[in-house]
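K.L.:
My questions concern the predicted model and sequence given below.
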Amino acid sequence: MALAGPELVKEISERYGMIKDLRFGINSKLYEGSDRKTHERIVIKKCFDDGDFQREVVASVKISLRGGSKHILPYYICVPVEGYIVMPYLEGGTLWDLRRKKKGLSPEETFDITAQMGEALEHVHVAGIIHNDFKSSNILLTASSTSKNGLTAMLTDFGFSHCGIPDLNPSREVGTAEYQAPEKFEGSGTLTSAVDIYSLGLVVHEMLTNALLYHNISDPRNKSELRKVLRKRAEPIPAHEKIPDKILSVIRTACEYRPENRYRNVTEMVSDLEKAVHGI
């Protein structure tokens, strides 16, 4: 990844052309583009918030300094003056798209993607980062000849991450409420990598059932709504016809109410899921 100063903005705008809008969010907008030199399809992300842009850059640099990961989407170039990030285009869409298209994934498919995301999150956590917004729409897919299910999964979007620099940490409220761990709603204590483990557990549940476990969260800042959210998360993850008991046990451990009762790291979780799916 290279950082571009103001003097390179014009050169970059001439090299990378925008083709069409892809996705519009509260803090960013994605465009499909092209590299006029290589003719490669790319994605251009425009960050509206400078803090989000800085967190993206810091997280990317820290992960790169530790060798990077083939399951974390790399950045080609970042433009601080304009808040633009240029990255590869992956033709497989998001995990959210895939599970809806297939109406849920098999346990084997679910494990394959979870193992790849476990490897990504392990790199993130070792680098001293908490992703803080782990969800199926932040997992991009591309065809692969080496993966068992023919797909390589890549983690993206570090705009809400805790990247080891206190002054850059976002407020606890940011993220996607449907995937958030209880301690994020409670607003007390220090956030740890356990919040990502909790979210990963919910994504495993989502892949198997083709549905969000928690939804219709209107405003968790409202005290009445907050109590309802926390009561729901304090209950054990319910049984489901599409989730074998051994896999359910893994999800329940990942989604324990108290962070200290969850898996100590994602490697432990992936190992238990492998045993549950493949009997290893």
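P.N.:
Noted; the coordinates are in hand. The model shown is predicted, which means the values in this text are computed figures rather than measured ones.
K.L.:
which residues touch stretch 133-141?
P.N.:
73, 90, 92-96, 98-99, 113, 117, 121, 131, 151-157, 159-161, 174-176, 178-179, 196, 199-200, 203, 206-207 (C-beta atoms under 8 Å, 6 or more residues apart in numbering). Bear in mind the C-beta positions are built from the backbone N, C-alpha and C, glycine included.
K.L.:
let me redo that: stretch 62-75
P.N.:
1, 56-57, 60, 85-88, 90, 116-117, 119-120, 123-124, 126-129, 140, 152-156, 163-164.
K.L.:
Let me know the average pLDDT across that stretch.
P.N.:
Stretch 62-75 shows a mean pLDDT of 91.
K.L.:
How far off centre is it?
P.N.:
The chain centroid and the centroid of stretch 62-75 are separated by 14 Å under C-alpha atoms, centre = their mean, to the nearest Å.
K.L.:
Only alpha carbons, please: show it as CSV.
P.N.:
Presented in CSV, the C-alpha positions along stretch 62-75 are these (Å, rounded to 0.1, in the frame of the first residue of the first chain):
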residue,chain,number,x,y,z
LYS,A,62,-0.2,-2.4,11.1
ILE,A,63,-1.5,-5.6,9.5
SER,A,64,1.0,-5.2,6.5
LEU,A,65,3.9,-4.8,8.9
ARG,A,66,3.1,-8.2,10.4
GLY,A,67,3.1,-9.9,7.0
GLY,A,68,-0.5,-9.3,6.0
SER,A,69,-3.1,-11.9,5.3
LYS,A,70,-4.4,-13.4,2.1
HIS,A,71,-7.9,-13.2,3.7
ILE,A,72,-7.8,-9.4,4.3
LEU,A,73,-8.5,-7.2,1.4
PRO,A,74,-5.3,-5.2,0.5
TYR,A,75,-5.3,-1.5,-0.4
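K.L.:
what comes up buried for that stretch?
P.N.:
Of the residues in stretch 62-75, 62-63, 69, 71-73, 75 count as buried by neighbour count, 16 or more other C-beta atoms under 10 Å.
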